[in-house]
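S.K.: need a structure here:
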Amino acid sequence: MKIPIKNAQAYFVYDSKKSGGVTVSHLRFGDSSVNMPWLIDEADFVACHNQAYIGKYDMLGPIKEGGTFILNSHIHATEAFEHLTQEMQEEIIDRKIKFYTIDALKIAEETGLGIRINTVMQAAFFKVSGILPEAEAIELIKKAIKKTFATKGDDIVKMNWASVDKAAEALEKVEIPASITKSFAAPELIPASAGDFARDVIEPVMRLQGDDIPVSKMSFDGTLPLGTAVLEKRGVAPVVASWVSENCIQCNQCVMACPHAAIRGETDCAG
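M.R.: Model (predicted):
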């Protein structure tokens, strides 16, 4: 089987966080050269890999009319539209955007991948994007998986293959209503009591709109107010751990592994 050759370009924008940070992937595919040294602001396809991003980031702003939007969510396709903000719903209706959902986390858990959903979302992308015929795309993905994970054993390879197969089955198209009846009201990122700096600088940065902040809003000497980290509550984790006191053996491994020192251990000192 002859697979068509495509040129590809990829650029990834990372935020300043480590654990749970946001990555925006700018991908281009074409038969001709795609050597374009600028970010994508008119996209044919956008995927949101975390339901918690709805209402926090501008997910649909870059999508062209008639483009495609995929949301990774546990919410069924029959209810997914109602869990978007009113602004997103209006954009989908006005621009005739095609909307799909997939529960990638459920697939990853079922196939033994834990919370690693990248393989599932990759398969979903190639199924609906039309970059390559679906059968050829799946074949290439599985070859890449074999090459990447062969040294880790056949079990890992088969887990990823299974997630690719399940992705095609789990992808669901959302029926877009003619009018809006119910919308998701996103909570405020910054409390109403926050100061001007939090409103003018911190909130746009939290929404990935830091490039739009005018210089006039920044402090003239570069100093920043103290204690502003307390304002940011990201809430992006799909699963939140809880401490079960009767199971705890006080090994302190959770304290050692916690990336932001949110978990503290008790220390008994004798002097």
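
S.K.: for the chain, which segments count as strands?
M.R.: Per DSSP state E, the chain carries strands over the ranges 7-14, 23-30, 43-48, 63-72, 98-102, 172-173.

S.K.: and residue 226, which of the ones you listed is closest to it?
M.R.: Closest to residue 226 of the strands of the chain is strand 7-14 (Cβ to Cβ; 25.7 Å). Where C-beta positions appear, they are placed from N, C-alpha and C, glycine not excepted.

S.K.: on contacts alone, who are the packing partners of the closest one?
M.R.: Judged by 3 or more Cβ pairs under 8 Å, 6 or more residues apart in numbering; DSSP states H and E, strand 7-14 is in contact with strand 23-30.

S.K.: list the buried ones in the strand it packs on?
M.R.: Buried residues in strand 23-30, counted by 16 or more other Cβ atoms under 10 Å: 26-29.

S.K.: which of those lies closest to residue 203?
M.R.: Among the buried residues of strand 23-30, and counting by Cβ to Cβ, the member closest to residue 203 is residue 26, at 23.9 Å.

S.K.: I'd say that closest one and residue 11 touch.
M.R.: Yes - counting by Cβ atoms under 8 Å, residue 26 does reach residue 11; the two are 4.5 Å apart.

S.K.: ok so, going back, need the strands of the chain in JSON lines (columns: distance to residue 111).
M.R.: Listed next are those as JSON lines, based on distance: least, Cβ to Cβ, whole Å:
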{"stretch": "strand 7-14", "distance to residue 111": "25"}
{"stretch": "strand 23-30", "distance to residue 111": "22"}
{"stretch": "strand 43-48", "distance to residue 111": "19"}
{"stretch": "strand 63-72", "distance to residue 111": "15"}
{"stretch": "strand 98-102", "distance to residue 111": "14"}
{"stretch": "strand 172-173", "distance to residue 111": "18"}
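
S.K.: tell me which of those sits nearest to residue 218.
M.R.: Each of these was scored for nearness to residue 218 using Cβ to Cβ, and the closest is strand 7-14 (21.1 Å).

S.K.: that closest one pairs with which strands?
M.R.: Strand pairing for strand 7-14, determined by DSSP bridges: strand 23-30 (antiparallel).

S.K.: what distance separates the partner strand from the centre of its chain?
M.R.: Distance of strand 23-30 from its chain centroid, counting by Cα atoms, centre = their mean, to the nearest Å, is 14 Å.

S.K.: pLDDT at residue 148, what is it?
M.R.: Residue 148 carries a pLDDT value of 89.

S.K.: and it, how many neighbours?
M.R.: When neighbours are defined as other Cβ atoms under 10 Å, residue 148 has 13 of them.

S.K.: state the distance from it to residue 165.
M.R.: From residue 148 across to residue 165, the span is 17 Å (Cβ to Cβ, to the nearest Å).

S.K.: what of residue 84?
M.R.: Residue 84 is 29 Å from residue 165, by Cβ to Cβ.

S.K.: please identify which of these two sits among more neighbours.
M.R.: Higher neighbour count among residue 84 and residue 165: residue 84, with 26 against 14, using other Cβ under 10 Å.

S.K.: mind listing what the more buried one touches?
M.R.: When contacts are counted by Cβ atoms under 8 Å, 6 or more residues apart in numbering, residue 84 touches 54, 92, 183-184.

S.K.: separation between the residue nearest the centre of the chain and residue 236?
M.R.: Central residue of the chain (Cα atoms, centre = their mean): residue 49, 3.1 Å from the mean position. According to Cβ to Cβ, residue 49 stands 10 Å off from residue 236.

S.K.: could I get the phi/psi values of residue 238?
M.R.: When read as degrees, to the nearest 10, the backbone of residue 238 gives phi -70, psi -30.

S.K.: hmm, residue 106 and it touching each other?
M.R.: No - in this structure residue 238 lies outside contact range of residue 106 using Cβ under 8 Å: 10.3 Å.
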